[in-house]
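S.K.: Please find the sequence and the predicted model below.
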Amino acid sequence: MYQKKVQEEVDRIQADVIRISLAIHAHPEIGLQEHWACQFLINEARSRGFKIETPVAGMETGFIAQYGSSSDGPKIAFLCEYDALPDLGHACGHNIIAAASFGAAMALIPIVSELGGTILLIGTPDEEAIGDASKGGKVIMSRAGIFDSLDAAFMMHPTSGKNAVWRYAFPLKDFTVQFDGKPVHYTQPEKGINALESLLMFLNNINSLKRGWSPSVMLAYTITDGGGPSAITVPKSAKAHMTLKAFDVEYLISRFEQVQTCVKAVSEMTGAKGHIHVLDEYRHMIPNLHLAASMFKHIQSLGEPVESPIDSQRNLERQTYPGISTDFSDVSWVAPAIHGYCSIGDSRLVAHTPEFAEAAGSEAGNAAAILGAKAMAMSAVDILYDKAFADHVKTEFLTYQSRSFHNVPGIPPQYLPFPEAFLSLNR
């Protein structure tokens with residue numbers, strides 16, 4: 001009865017969900033500058049009876065919208081992202097994330113009013129973390145304890161290919177490497193210290209070291225300060241922005257230590273002062289298999305194709321380098337959480353491209369927002385009306401937490417098998 005009711009509620013507010021998605025898509029704002037999208041979502045939630053808190057965790061473009069019943073019950077959060085990419089707009093489809101979470105939260109108002117509990121719509125800025133001030137909004141919120149008391153946290157991200165309920169997100173370090181030298185006229189280089197040559201030496205050395213790393217490691221970089229506009233002055237400074245990923249955090253840390261050693265060695269060789277500034281660090285994703293099984297079942301019941309979580313693990317084991325990373329992973333370390341995926345195109349569609357941005361504002365994007373809202377709301381209903389299920393979700397999380405999140409099924413490096421009870425639900 002409740003599952004049918006929540007589907008009907010999403011259908012009833014469908015026009016609003018689509019309007020919100022397209023409005024945010026038409027107003028792209030980069031991380032920590034999402035003032036329009038933040039206020040827009042706040043106004044929409046407030047008009048429907050939600051109490052608003054903003055700013056949150058020191059972020060002006062973060063918010064918490066809360067709707068509570070007079071009766072006690074589970075506390076469930078739906079997370080909104082709404083930052084865009086420079087020059088590409090919503091080429092990661094965060095407008096869909098915001099709209100789907102909004103739709104799920106609003107659809108649950110009558111359910112919570114009847115069954116009890118609390119619904120939170122949480123605005124989490126700056127997922128893309130493109131600037132020096134960025135840390136990933138959910139990382140900051142996690143450290144501030146925003147998600148600590150939740151019974152579940154939900155989010156759906158647009159993707160290409162099939163819908164999915166579980167995909168591993170990889171640990172990441174995002175950082176800059178800068179060398180500071182001594183400028184001098186280019187005809188007397190021996191009297192100066194060339195910061196750009198020091199940076200290039202570091203990059204060459206780290207690329208050589210990388211040949212001895214596991215192929216599972218991904219290192220990407222770009223030079224953001226090339227030493228200045230003129231070749232007639234020895235460069236005073238040079239800087240690179242780098243992202244390092246690996247399948248498991250222990251190996252990631254060991255490779256980052258090599259990066260640190262390489263910076264130190266080049267500094268000693270050239271005399272340039274090298275230093276590393278860590279911008280943000282994302283953890284790896286901790287699955288909640290009970291939430292995954294619930295969402296898998298509900299997407300199937302809606303008649304939509306969905307990748308089996310078992311196949312998701314097999315795809316993970318076949319990869320030779322890491323895929324996506326997200327600050328939602330940090331949420332999964334402090335509360336039971338699920339980060340699903342709603343399709344907006346076939347497997348040829350690639351994120352962070354103009355084509356993905358176009359799809360995020362298309363009919364396919366609108367349909368994905370509605371599917372995401374329904375899938376999340378239906379799984380949330382399982383928690384609200386089925387205490388045994390809610391207890392299983394919480395117990396699974398607490399079990400992983402008691403092991404310091406080691407030996408979690410389905411994730412690297414051990415790839416422990418999924419429990420039989422979970423496998424039977426996904427056959």
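M.R.: Good, I have the coordinates.
S.K.: Start and end of stretch 84-92, how far apart?
M.R.: 7 Å (CA to CA, to the nearest Å).
S.K.: Give me the domain ranges for this structure.
M.R.: Here the domain parsing of the chain from automatic domain parsing is 2-170+283-425, 172-281.
S.K.: and the longest one, average pLDDT?
M.R.: To tie it back to what came earlier, the one meant is domain 2-170+283-425. What domain 2-170+283-425 shows for mean pLDDT is 95.
S.K.: So which elements touch the helix or strand that contains Ile276?
M.R.: For Ile276, the host element (DSSP states H and E) is strand 273-282. Applying 3 or more CB pairs under 8 Å, 6 or more residues apart in numbering; DSSP states H and E, one finds that strand 273-282 contacts helix 137-143, strand 172-180, helix 249-270. C-betas here are computed from N, CA, C, even on glycine.
S.K.: In CSV, list the ones you listed along with mean neighbour count and distance to Val334.
M.R.: Below are the helices and strands packed on strand 273-282 laid out as CSV (neighbours: other CB atoms under 10 Å; distance: least, CB to CB, whole Å):
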stretch, mean neighbour count, distance to Val334
helix 137-143, 24, 5
strand 172-180, 22, 18
helix 249-270, 16, 16
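S.K.: can you put those in a markdown table and add distance to Gly103?
M.R.: Formatted as a markdown table, the helices and strands packed on strand 273-282 follow (distance: least, CB to CB, whole Å):
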| stretch | distance to Gly103 |
| --- | --- |
| helix 137-143 | 20 |
| strand 172-180 | 29 |
| helix 249-270 | 34 |
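S.K.: nearest to Ser325, of the ones you listed?
M.R.: strand 172-180 (3.9 Å; CB to CB).
S.K.: then that closest one to CSV, C-alphas only?
M.R.: Presented in CSV, the C-alpha positions along strand 172-180 are these (Å, rounded to 0.1, in the frame of the first residue of the first chain):
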residue,chain,number,x,y,z
LEU,A,172,41.2,10.0,-3.9
LYS,A,173,43.7,12.6,-3.0
ASP,A,174,43.5,15.9,-4.8
PHE,A,175,46.4,18.2,-4.3
THR,A,176,48.8,20.8,-5.7
VAL,A,177,52.5,20.7,-6.0
GLN,A,178,54.3,24.0,-6.1
PHE,A,179,57.9,25.0,-6.4
ASP,A,180,59.2,28.4,-5.5
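S.K.: Between strand 172-180 and the helix or strand just after it, find me the angle.
M.R.: Heading C-terminal from strand 172-180, the first helix or strand you meet, by DSSP H and E, is helix 195-210. Using axes from the mean of the first three to the mean of the last three CA atoms, to 10 degrees, the direction of helix 195-210 lies 140 degrees away from that of strand 172-180.
S.K.: Please work out the average pLDDT along helix 195-210.
M.R.: For helix 195-210, the per-residue pLDDT averages 97.
S.K.: ok, and what's touching it?
M.R.: 177-181, 217, 219, 221, 223, 226-227, 235-240, 258-259, 262-263, 265-267, 269-270, 272, 274 (CB atoms under 8 Å, 6 or more residues apart in numbering).
S.K.: Same question for stretch 406-418.
M.R.: 166, 168, 247-248, 250-251, 284-287, 289, 309-310, 313, 316-317, 400, 419, 422.
S.K.: Show me the residues you listed that map onto helices.
M.R.: 250-251, 289, 309-310, 313, 316-317, 400, 422 (DSSP state H).
S.K.: I would like a PyMOL command selecting only the buried ones among these, please.
M.R.: A single PyMOL command selects the buried members of the ones in helices among the contacts of stretch 406-418 (16 or more other CB atoms under 10 Å):
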select buried, resi 251+289+309+310+313+316+400+422
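S.K.: now, which of the ones in helices among the contacts of stretch 406-418 sits nearest Glu114?
M.R.: Nearest member of the ones in helices among the contacts of stretch 406-418 to Glu114, counting by CB to CB, is Leu289, at 28.2 Å.
S.K.: Quick check: closest non-adjacent residue to the closest one.
M.R.: Spatial nearest neighbour of Leu289, excluding adjacent residues (CB to CB, 6 or more residues apart in numbering): Phe422 at 4.6 Å.
S.K.: how close does the one you found get to Tyr400?
M.R.: Separation of Phe422 from Tyr400 (CB to CB, to the nearest Å): 14 Å.
S.K.: Can I get the ones in helices among the contacts of stretch 406-418 in TSV including distance to Ile97?
M.R.: Output for these, formatted as TSV (distance: CB to CB, whole Å):
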residue	distance to Ile97
Glu250	30
Tyr251	30
Leu289	23
Pro309	20
Ile310	25
Gln313	24
Leu316	22
Glu317	27
Tyr400	25
Phe422	26
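S.K.: what's around the nearest residue to Tyr400 once chain neighbours are set aside, how many residues?
M.R.: Once flanking residues are discounted, Tyr400 sits nearest to Val408: 5.2 Å by CB to CB, 6+ apart. Per other CB atoms under 10 Å, the neighbour tally for Val408 reads 19.
S.K.: Look at Val408 and give its secondary structure.
M.R.: coil (DSSP: H, G, I helix; E, B strand; the rest coil).
S.K.: Hmm, Asp72 is touching Asp151, no?
M.R.: No: using CB atoms under 8 Å, Asp72 is not in contact with Asp151; the gap is 11.6 Å.
S.K.: Counting neighbours, go ahead and name the busier of those two.
M.R.: Asp151 (21 against 10).
S.K.: Now do the contacts for the more buried one.
M.R.: Counted by CB under 8 Å, 6+ apart, Asp151 has contacts 74-76, 335-336, 383, 390, 393-394.
S.K.: same thing but 7 Å
M.R.: 74-76, 336, 383, 390, 394 (CB atoms under 7 Å, 6 or more residues apart in numbering).
S.K.: how far away is it from Ser142?
M.R.: 16 Å.
S.K.: now Glu197
M.R.: For Glu197, the distance to Ser142 - CB to CB - is 40 Å.
S.K.: Am I right that Phe78 is in a helix?
M.R.: No: counting by three-state DSSP, Phe78 is not part of a helix but strand.
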